[in-house]
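Participant: Show me the folded form of this:
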Amino acid sequence: MKENHKLNRKIITFVGAFIVITITIVSILVTGCNKKETNPPAEQTSFSMRMTDAPGDYDAVFVDVIGAEVNSDVNGWVALNVKPGIYNLMDLTNGKDTLIADGQVAVGIVSQIRLILGTNNSVIVKNVSYPLTTPSAQQSGLKLQVHAELLSGIAYTMLLDFDADKSIVETGSGKYMLKPVLRVVTKAISGSLDGIILPLAAQPAVYAIVGTDSFSTYTDLLTGKFHIGGLAKGSYKLVILPKLLFADTAFAGVSITTGAITNMGTITVK
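Facilitator: Numbering: from 1, shown residues only. Model prediction:
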């Protein structure tokens, strides 16, 4: 009897340990699965940064651009695809500008930008070249305050307007310091088109056509929504090509405005 009692205790202990191990394994698996879950990526739009200059009394002003970033309320600081180089600001006067960076930025608010300059900055005064030193506080990047709201499907450009005359300080003994003074202007450079097409079974291809150019998308299978972004200002033809059993539909004279979303409402095809 004592031996049976001891055996039963061993069996109970083993079963209990097995249950604990099983629960632990299940917990680890569940935790592992939860860690794999990620939030859907933020919707993004096209963003570019261009540089221009107000005239200054110098033969040339060379700035060494090595990086550009934007601070988004969605993703924080985001590096753009910079076009590194030494740019002569005197070549960018009287309405001229040049692309220095571009990329995709999350739809939302851009609150700051950071322009990162290298060490190869210089100014030419009366045919003599002088190096431009940069204050230590700006060596990690020149931060500029902005407040630009980016909407879905609309491309934006940010213009950095240097004021060379105010940006260069003569410190004496033939030395010059670069303390950039810039004005920042953000503007939309395209518009977009959206709407809903029913019934859902139509599942059409949707085209926005202007001249010989066309831009296309498909409706969402669950909602019937469509969205075509990056459209230049102009008058478009909207063409809807459903699957079989539904008729093609077209709308002429659809106006696209820069910085705005043209909503076609709900369109029912038959």
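
Participant: domains of this protein?
Facilitator: 44-188, 191-268 (automatic domain parsing).

Participant: Could I get the average pLDDT for the longest one?
Facilitator: The reference is to domain 44-188. The average pLDDT within domain 44-188 is 89.

Participant: going forward can the numbers begin at 51, since that is how I track them
Facilitator: All right, first residue 51 from here; so that's domain 94-238.

Participant: Endpoints of it, how far apart?
Facilitator: Using Cα to Cα, to the nearest Å, the end-to-end distance of domain 94-238 comes to 14 Å.

Participant: cool, and stretch 204-221?
Facilitator: Span of stretch 204-221 from end to end, Cα to Cα: 45 Å.

Participant: What residues sit buried inside that stretch?
Facilitator: Buried residues in stretch 204-221, defined by neighbour count with 16 or more other Cβ atoms under 10 Å: 204-214, 217-218. In short, each C-beta sits where N, CA and C put it, glycine included.

Participant: Quick one: the strands in the stretch 151-300 of the chain, in order.
Facilitator: 158-167, 172-175, 178-183, 192-200, 206-213, 218-222, 225-228, 232-238, 241-248, 255-260, 263-268, 275-281, 284-291, 299-306 (DSSP state E, counting those that start in this stretch).

Participant: Let's have these in TSV, adding distance to P105.
Facilitator: Listed next are the strands of the stretch 151-300 of the chain as TSV, based on distance: least, Cβ to Cβ, whole Å:
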stretch	distance to P105
strand 158-167	20
strand 172-175	14
strand 178-183	18
strand 192-200	21
strand 206-213	9
strand 218-222	13
strand 225-228	17
strand 232-238	14
strand 241-248	33
strand 255-260	37
strand 263-268	37
strand 275-281	34
strand 284-291	34
strand 299-306	36
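
Participant: closest one to D123 among these?
Facilitator: strand 158-167 (4.4 Å; Cβ to Cβ).

Participant: Look at the nearest residue to A214 once chain neighbours are set aside and give its secondary structure.
Facilitator: Leaving aside its chain neighbours, A214 sits nearest to G106 (3.3 Å; criterion: Cβ to Cβ, 6 or more residues apart in numbering). Secondary structure state of G106, per DSSP: H, G, I helix; E, B strand; the rest coil, is coil.

Participant: For G106, which residues are in contact?
Facilitator: Residues near G106 by Cβ atoms under 8 Å, 6 or more residues apart in numbering: 139-140, 213-215, 217-218.

Participant: Now do it against I218, distance only.
Facilitator: To I218, G106 is 7 Å away according to Cβ to Cβ, to the nearest Å.

Participant: do A198 as well
Facilitator: Applying Cβ to Cβ, the value for A198 to I218 is 28 Å.

Participant: Could you do A255 as well?
Facilitator: A255 sits 56 Å away from I218, going by Cβ to Cβ.

Participant: what's the answer for Y206, then?
Facilitator: Taken as Cβ to Cβ, the span from Y206 to I218 is 30 Å.

Participant: wait, what's in contact with the spatially most central residue of the chain?
Facilitator: Residue closest to the average C-alpha location in the chain (Cα atoms, centre = their mean): V155, at 1.1 Å. Counting by Cβ under 8 Å, 6+ apart, V155 touches 94-95, 97, 120, 122, 128, 200.

Participant: the inter-axis angle of the lengthiest strand in the chain versus strand 206-213?
Facilitator: Identified as the longest strand of the chain according to DSSP state E is strand 110-122. If you take axes from the mean of the first three to the mean of the last three Cα atoms, to 10 degrees, strand 110-122 sits at 140 degrees to strand 206-213.

Participant: Sort out which residues of strand 110-122 are buried, please.
Facilitator: Here strand 110-122 shows 110-115, 117-122 as buried, counting by 16+ other Cβ under 10 Å.
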